[in-house]
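Enquirer: Output the structure for:
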Amino acid sequence: MIKRALIFCCLLATMSSVQASVNVTVNGQQYRYINPVRLSLVLHTVGKNGQWYWPACAIYSTQTEAVEAQRQAILQDIDALAYALKPTDEKAMALSALGRQIASWKLAKRLPVDIHFDAARLDASKNPMLQPGNYILSLRGRPQEVWVSGLVNTPGAYEYQNTMAPFEYAKGIERRADADPDYVYVISPRGEVSKQNIAYWGKSFSQVMPGSQIYVPLFSWLLSPDVDELNRKIAELAVHRVLP
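Expert: Below you'll find the predicted structure:
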């Protein structure tokens, strides 16, 4: 009986240790820390092993309950918009395609911290203490693509063009009939969301960073006044996408 109790206690201690550890997956390689660890220590292990483009690097928590709830709420809103439409209606098909895109996204909760090895060492605000749990640290070289989603016929990766503005990308993307003709959302690789004008009367000339996402929104005039809010929610959800 005593022997069994000792074995049981050892198992509990082992399980507790695993649960209390900090587990960080860095570009597919797993690292485990028994105690809470500063980001700078994790970056010290891997930060100098490549030519990283720091603006496109990010850290995520795999506790995805909140972002999954956001996704489900968005999918419900899309279904509600399509409810009164015939399945063969162009608007219904566009909404269905948008829903499939969002359902396919790999999501994790992005932590609001800029990743940079030197900044983490020198600036306490950019060197958070990672508490027990599971994390994904994505380190990337300079991306060669931008990621397009929304009301487009072919979502996915498009070649990054240096110095191109949002309206120039929009010209080269085949958009659906119900896409907003005046605006797109740009989600920078740092996770910043901005609504950019692509219309001839007020086009934005701000440069799109490599590794950005471009979300082509629904045209709100054709559907419902609530669509502006839905577009905003989709763009904010895209911040939590874990891109290939």
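
Enquirer: How far does stretch 180-191 stretch from one end to the other?
Expert: End-to-end span of stretch 180-191 (Cα to Cα, to the nearest Å): 22 Å.

Enquirer: who touches it?
Expert: Contact with stretch 180-191 is made by 55-56, 58, 110, 112, 114, 143, 150-151, 166, 169-170, 193-199, 206, 208-220, 231-232, 234-235, 238-239, as judged by Cβ atoms under 8 Å, 6 or more residues apart in numbering. From N, CA and C alone the C-beta is placed, and that goes for glycine too.

Enquirer: Can you tell me the closest non-neighbouring residue to Lys126?
Expert: Ala119 (4.5 Å; Cβ to Cβ, 6 or more residues apart in numbering).

Enquirer: distance of the one you found from Gly141?
Expert: Distance, Ala119 to Gly141, using Cβ to Cβ, to the nearest Å: 18 Å.

Enquirer: between those two, which one's more packed in?
Expert: Shown here are Ala119 and Gly141; by other Cβ atoms under 10 Å, Ala119 has more neighbours (17 against 13).

Enquirer: in the helix or strand where that one lies, what counts as buried?
Expert: Using DSSP states H and E, Ala119 sits within helix 117-122. Under the neighbour-count criterion of 16 or more other Cβ atoms under 10 Å, helix 117-122 has Phe117, Ala119, Ala120, Arg121 buried.

Enquirer: quick check, nearest of those to Gln63?
Expert: Ala120 (21.7 Å; Cβ to Cβ).

Enquirer: thinking that closest one is in contact with Val37, fair?
Expert: No. Between Ala120 and Val37 there is no contact under Cβ atoms under 8 Å: 11.7 Å.

Enquirer: Any of the contacts of stretch 180-191 buried? List them.
Expert: Applying 16+ other Cβ under 10 Å to the contacts of stretch 180-191 flags 55-56, 58, 110, 114, 143, 150-151, 166, 169-170, 195-198, 208-220, 231, 234-235, 238-239 as buried.

Enquirer: Asn23 - how many residues pack around it?
Expert: 16.

Enquirer: Find the nearest non-adjacent residue to it, please.
Expert: Per Cβ to Cβ, 6+ apart, closest to Asn23 is Asn134, 4.8 Å.

Enquirer: Helix, strand, or coil at that neighbour?
Expert: Using DSSP: H, G, I helix; E, B strand; the rest coil as the criterion, the local structure at Asn134 reads strand.
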